[in-house]
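Visitor: Here is my input; please provide its structure:
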Amino acid sequence: SLAPAAPLTHKPLSHSHPLNPSFTHSLTMEISPRAATMLIWTAFSGTLMMLVGCLWGFVLHEGFVKSKYFSKGVHHQFSHNGELLIALAFTFPFLNLSPALLWATFVLLQLGTWLNPLAYVIMALSGQRSAFNPAIPSEADVLPGNLTELITLIFVLCALTIVPGLVLVLVGLFRSLSTVPNLLARASKTK
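Guide: Take a look at the predicted model:
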């Protein structure tokens, strides 16, 4: 189940501004269980992805990878896509989307961020490349083979998932802008 283990409760945040202690603000935000669950699982997925990126450095020895060039890309793709997922996790409470679109955003972001490093893993282990990355520093680092179409397909699927996922995040955030005045009005009443 994707439901959180315990219900999330949110108390109003109230604190003074560090540069002006006489200025205080209070902001209350209710997070739906669905958005909270997606926040948690997206942050978990991003953290796991970063861990894989860190651990990938241990497989760089000669006998395991066929391309050191793409092996470095594996580390970077896992790390940067993990960072992206962690950052995007915190947008879920603010996305003003229907439950179906919120779920679609979650799935698209997960697929898009995991497919990109997966393609690099295949390239590092096989020494083959995609049609999208023909220019690499050393042609000797690329072996001939029949995985080019698979790798290219993974990159296409990555683009077809991450781009709509990011567009849905932007749409959800844009639609949430109309709620900002209501949050600020509630915050000023709680002073």
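Visitor: Let me see the ranges of the helices in the protein.
Guide: Per DSSP state H, the chain carries helices over the ranges 33-55, 68-89, 99-126, 148-176, 180-189.
Visitor: Select, out of the ones you listed, the one closest to Phe132.
Guide: With CB to CB as the measure, helix 148-176 is the member of the helices of the chain nearest Phe132 (5.3 Å). Every C-beta, even on glycine, is put in place using the N, C-alpha and C of the backbone.
Visitor: Confidence-wise, which of the helices of the chain is weakest overall?
Guide: With a mean of 62, helix 180-189 has the lowest mean pLDDT of the helices of the chain.
Visitor: Dump the helices of the chain to JSON lines, plus mean neighbour count and distance to Phe132.
Guide: Converted to JSON lines, the helices of the chain look like this (neighbours: other CB atoms under 10 Å; distance: least, CB to CB, whole Å):
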{"stretch": "helix 33-55", "mean neighbour count": "18", "distance to Phe132": "21"}
{"stretch": "helix 68-89", "mean neighbour count": "20", "distance to Phe132": "12"}
{"stretch": "helix 99-126", "mean neighbour count": "20", "distance to Phe132": "9"}
{"stretch": "helix 148-176", "mean neighbour count": "16", "distance to Phe132": "5"}
{"stretch": "helix 180-189", "mean neighbour count": "11", "distance to Phe132": "40"}
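Visitor: Quick check: Ile151 vs Trp114, distance?
Guide: Plainly put, Ile151 is 15 Å away from Trp114 if you go by CB to CB, to the nearest Å.
Visitor: Over to Leu150?
Guide: Separation of Leu150 from Trp114 (CB to CB) stands at 16 Å.
Visitor: same question, Phe155
Guide: Note on Phe155: its distance to Trp114, by CB to CB, is 13 Å.
Visitor: Ok, Asn96 next?
Guide: 26 Å.
Visitor: what does Leu170 give?
Guide: As defined by CB to CB, Leu170 lies at a distance of 21 Å from Trp114.
Visitor: got a list of contacts for stretch 95-107?
Guide: 34-35, 38, 41-42, 92, 164-165, 168-169, 171-173, 175-176, 178-179 (CB atoms under 8 Å, 6 or more residues apart in numbering).
Visitor: Mind doing that once more with 10 Å?
Guide: If you take CB atoms under 10 Å, 6 or more residues apart in numbering as the criterion, stretch 95-107 is touched by 2, 32, 34-35, 37-39, 41-42, 45, 88-89, 91-92, 161, 164-179.
Visitor: could I get it in PDB with only the CA atoms?
Guide: Only the C-alpha atoms of stretch 95-107 are listed here, as PDB (Å, rounded to 0.1, in the frame of the first residue of the first chain):
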ATOM      1  CA  LEU A  95       0.300  20.600  -7.100                       C
ATOM      2  CA  ASN A  96      -3.300  21.600  -7.800                       C
ATOM      3  CA  LEU A  97      -4.100  18.500 -10.000                       C
ATOM      4  CA  SER A  98      -6.900  16.000 -10.100                       C
ATOM      5  CA  PRO A  99      -6.100  12.700  -8.400                       C
ATOM      6  CA  ALA A 100      -5.600  11.000 -11.800                       C
ATOM      7  CA  LEU A 101      -3.200  13.800 -13.000                       C
ATOM      8  CA  LEU A 102      -1.300  13.700  -9.600                       C
ATOM      9  CA  TRP A 103      -0.900   9.900 -10.000                       C
ATOM     10  CA  ALA A 104       0.200  10.400 -13.600                       C
ATOM     11  CA  THR A 105       2.800  13.000 -12.600                       C
ATOM     12  CA  PHE A 106       4.200  10.600 -10.000                       C
ATOM     13  CA  VAL A 107       4.500   7.700 -12.400                       C
END
